[in-house]
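Trainee: here are the coordinates; sequence isn't available:
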């Protein structure tokens, strides 16, 4: 819990950052971040880095890598985006969000440098560039033994790409952010391949053939060492277990049996195998099996098929594109035994809302469309029209805000459960913003 002074100081820092060029708008260039980090003394080069890109699964994979490295005795700094509930989540030191005091002090350390670079560039430093630099400085001052750095968008011109990653990690690549990354999956893959540095180690999840070809070309061009899912490493066994799943993973340097992962879905098993391969690639050897088991058993992935309430079961998931929605639908279909599912969906305007709804339609029986408080949220009437097109008018309803949508849906699901022999559940999804706001709303609903 923050003190009033810490909250006031953190609010001022967040306001100053948010006053900058917003995270959702980009002017693709490395000029500003290179100038800023140079002025700061290149803090991102004072520790080795595992650099993670992809379309889905980046944040969970980053958390898994972080947990593994800590169990192996490393002091870690993890940078991920966006956040669910608090900006402090983006910068993690040794598995915990940076303190408000640390965030305020680090911002104060770099504020004059932000102004200096602003005065020398045609475009001022953006929100994402500023918080990326802030994370680099915080990690250097701690100091950390390794940085686990998630790309914000793309790779080649992303602000995080000033690191010299010893390991580059690629989670599944699909179509997203096409207004910046390209209209085809090949263009998107080419942009993401920009994080591959000369002679680094490259860990690649299973990819569409078009993507695999482009990543292979870049690996060869840079003289890098590839580790490919299905070739050098793989999940060889997966069984459902209470609260998650039990895995056997054939790693790059060893085999790891009876690894419990307290997350749902085959995609999370894939993330686990990629994370394990990344740490093996960094270490250059097999890992202690007990350390691996402890690391995965302690994994948390907020907002990723996360159960946040019981009676009825309420699941929140940050799926924001068709690929993520497909993974969510498969998990609900194969790993939960709901008689029916009540869905609450709020989507951002620039996303493929129609594709996302089409992926969810087979598993959601009754859908409530709504909106988060984000100014980027797709207007409810537009989302409702798309939902009717996919689900039919008899299955779609709308609520003016997320809080009323959640309250109404929980009440209706509770009533169904009281009058039926089966069990129904609620799933809230559509964007990271929706997932984060839903967690806060449900926590208040539960009186926490």
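Mentor: Now that the structure is in, tell me what you want to look at. Not measured: the values here are computed from a predicted model. Numbers count the residues shown, from 1 in each chain.
Trainee: C-alpha only now, for contacts and for neighbours.
Mentor: Will do.
Trainee: who's in contact with residue 273?
Mentor: Residue 273 makes contact with 229, 233-235, 249, 251, according to Cα atoms under 8 Å, 6 or more residues apart in numbering.
Trainee: Pick out whichever of those residues sits closest to residue 20.
Mentor: residue 229 (39.4 Å; Cα to Cα).
Trainee: what's the closest non-adjacent residue to the closest one?
Mentor: residue 205 (5.0 Å; Cα to Cα, 6 or more residues apart in numbering).
Trainee: Equivalent analysis for residue 227, please.
Mentor: residue 203 (4.7 Å).
Trainee: Assign the one you found to helix, strand or coil.
Mentor: On the three-state scheme (DSSP: H, G, I helix; E, B strand; the rest coil), residue 203 is labelled strand.
Trainee: From residue 94, how far off is it?
Mentor: Residue 203 sits 23 Å away from residue 94, going by Cα to Cα, to the nearest Å.
Trainee: Need the residue closest to the centroid of the chain.
Mentor: Compute the mean C-alpha point of the chain, and by Cα atoms, centre = their mean the closest residue is residue 59, 3.2 Å away.
Trainee: That one should be in a helix, yeah?
Mentor: Yes: according to three-state DSSP, residue 59 belongs to a helix.
Trainee: residues in contact with it?
Mentor: With the criterion set at Cα under 8 Å, 6+ apart, residue 59 makes contact with 80-81, 150.
Trainee: Any idea which helix or strand in the chain has the lowest mean pLDDT?
Mentor: Scoring the helices and strands of the chain by mean pLDDT, DSSP states H and E places helix 178-181 at the bottom, with a mean of 60.
Trainee: Can you tell me what sits against the helix or strand that that helix is followed by?
Mentor: Next helix or strand after helix 178-181 toward the C-terminus (DSSP states H and E): helix 185-192. Applying Cα under 8 Å, 6+ apart, the contact partners of helix 185-192 are 53-54, 154-157, 173-175, 178, 181-182, 210-211, 214-215.
Trainee: which of the residues you listed tops the neighbour count?
Mentor: In terms of neighbours by other Cα atoms under 10 Å, the contacts of helix 185-192 top out with residue 53 at 28 neighbours.
Trainee: got any ranges where the chain has weak pLDDT?
Mentor: 24-25, 176-182, 448 (pLDDT under 70).
Trainee: what's the longest helix in it?
Mentor: Longest helix in the chain by number of residues, with DSSP state H as the criterion: helix 100-120.
Trainee: According to the record, where do the domains of the chain fall?
Mentor: Domain segmentation of the chain under automatic domain parsing yields 4-297, 306-445.
Trainee: Endpoint to endpoint, the longest one covers what distance?
Mentor: Pointing back at domain 4-297 there. When the termini of domain 4-297 are compared using Cα to Cα, they are 35 Å apart.
Trainee: Then the shortest one?
Mentor: Terminal residues of domain 306-445 are spaced 17 Å apart (Cα to Cα).
Trainee: for that domain, the distance to its chain's centre please.
Mentor: Chain-centre distance of domain 306-445: 19 Å, with Cα atoms, centre = their mean, to the nearest Å.
Trainee: got it, and stretch 252-271?
Mentor: 18 Å.
Trainee: ditto for stretch 298-311
Mentor: 14 Å.
Trainee: In space, what's closest to residue 291 - neighbours in sequence excluded?
Mentor: residue 71 (5.6 Å).
Trainee: Would you confirm that that neighbour contacts residue 295?
Mentor: Yes: using Cα atoms under 8 Å, residue 71 is in contact with residue 295, at 6.0 Å.
Trainee: quick one, phi psi at residue 226?
Mentor: Main-chain dihedrals, residue 226, degrees, to the nearest 10: phi -90, psi 150.
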